[in-house]
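Enquirer: missing the sequence, but the structure's below:
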C-alpha cells in the first residue's frame, strides 16, 4: 500500500496518566515545524487575493495600534476571526471583595476566542491525517526494542553518556537521564554509573 503523503501530519505524545496496561495514554498534535510565516501569508494574498504588497502588514499595524489602545482601556474587540480581551490577575488571596483595590490587579495577557466562522474555516480538512515518521514527544521511550537498540548504538566506547544516548534515542535530556537512571536500579540493574567531572558515564553491568 503506498504511503499517504497528503493531509495533516501529526505527532504522537505521551500523557502523564497511564492506561490499564501501565503505559502512558497518548495524545496527538500537528507535527512540529508545520507553520507559515507572515511573509508567506502576505505573498499568498498578493498572488491569489488581489492585495497589494505590504497591504496586509499595514492592516495588522493599524489593528495593533488601534486595537491595542482599546484593549489597554479594558474593551473586548470583536473581529471576523474572533474576539480579543485583556486578562486580569488578582494578586494574593482574598475572600472579602471590600479588601480588593486597583493595586491588587495586574495585567495577565490577552484572551482570544475564535469566531465560529474562523473555527469552521480552520476545520476544512478534506485530506485526512498522516502519522509523522519522526520519533517525537519521548513516546519512543516506552518501545523496549527501540530503546535497547539505541542503548547498544550509544555504547560504542564501552559506555554512554546522557548527551550520547539522546542522539541515538531521540529523547529529550530529562527523559534520557530518567531512562538511564532506571537501568541502574532494581534487583538486576543493567547499568552502573560513575561521575566524571560534570558528566555521568553509564557502563554495562556484567551479569554474574
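Expert: Looks like it arrived, so ask away. These numbers come from a predicted model, not from an experiment.
Enquirer: can you show me the strands along this structure?
Expert: Applying DSSP state E to the chain gives strands spanning 8-18, 24-30, 77-79, 82-90, 105-114, 129-131, 191-196, 199-204.
Enquirer: who does the fourth one pair up with?
Expert: By that I understand strand 82-90. Using DSSP bridges, the strands paired with strand 82-90 are strand 77-79 (antiparallel), strand 105-114 (antiparallel).
Enquirer: so which of those is the most packed in?
Expert: strand 77-79 (a mean of 13; mean count of other C-beta atoms under 10 Å). For every residue, glycine as well, the C-beta is placed using N, CA and C.
Enquirer: how about residues contacting that strand?
Expert: 67, 70, 71, 83, 84, 85, 115 (C-beta atoms under 8 Å, 6 or more residues apart in numbering).
Enquirer: any regions of the chain where pLDDT drops low?
Expert: 1-5, 16, 133-142, 207-208 (pLDDT under 70).
Enquirer: circling back: from the contacts of strand 77-79, which would you call buried?
Expert: Buried members of the contacts of strand 77-79, counted by 16 or more other C-beta atoms under 10 Å: 67, 71, 84.
Enquirer: give me every residue that touches the last one.
Expert: This points to residue 84. For residue 84, the contact set (C-beta under 8 Å, 6+ apart) comprises 67, 71, 76, 77, 110, 111, 112.
Enquirer: can you list those residues in a markdown table and add distance to residue 152?
Expert: Output for the contacts of residue 84, formatted as a markdown table (distance: C-beta to C-beta, whole Å):
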| residue | distance to residue 152 |
| --- | --- |
| 67 | 57 |
| 71 | 56 |
| 76 | 58 |
| 77 | 58 |
| 110 | 49 |
| 111 | 50 |
| 112 | 48 |
